[in-house]
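Q: my questions concern the predicted model and sequence given below.
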Amino acid sequence: MKDNFDIFFRRKPALILVSLKKNSRMRYGSILAKEVDCTYSHAVKILQTLEDLGLVVFEKRGRIKVIQLTKKGREAADAIDNIQKLIK
């Protein structure tokens, strides 16, 4: 597995975390993939890594898995969002 530090300096994982933070609606993989402009399979791979790191959790609702940030994930998303604002 790649170094955990590396994931935050790639665009798509950072955008997924920030997107989950900004939108309070039910979130699932295909919606996130569209929002960050990547394929569904790539989004799922990123989300699995984020889950392994304890940043997101999946909740099964019927046939779909809803994705939510954990406390640690919200903190990471806040930090990424702050960095984006700082460098603009």
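A: Looks like it arrived, so ask away.
Q: drop to CA atoms for contacts and neighbour counts, all remaining ones
A: Fine.
Q: got the confidence number for Ser24?
A: Note for Ser24: predicted pLDDT of 68.
Q: quick one: Asp81 is in a strand?
A: No: assessed by DSSP: H, G, I helix; E, B strand; the rest coil, Asp81 does not belong to a strand; its assignment is helix.
Q: so what does the closest residue to it other than its chain neighbours have for phi and psi?
A: Counting by CA to CA, 6 or more residues apart in numbering, the nearest residue to Asp81 once its immediate chain neighbours are dropped is Val18, at 6.5 Å. The phi/psi pair for Val18 (degrees, to the nearest 10) reads phi -70, psi -40.
Q: got it, and the one 3 residues further on?
A: With angles defined as degrees, to the nearest 10, Lys21 sits at phi -70, psi -40.
Q: quick one, strands of this protein?
A: Per DSSP state E, the chain carries strands over the ranges 56-61, 64-69.
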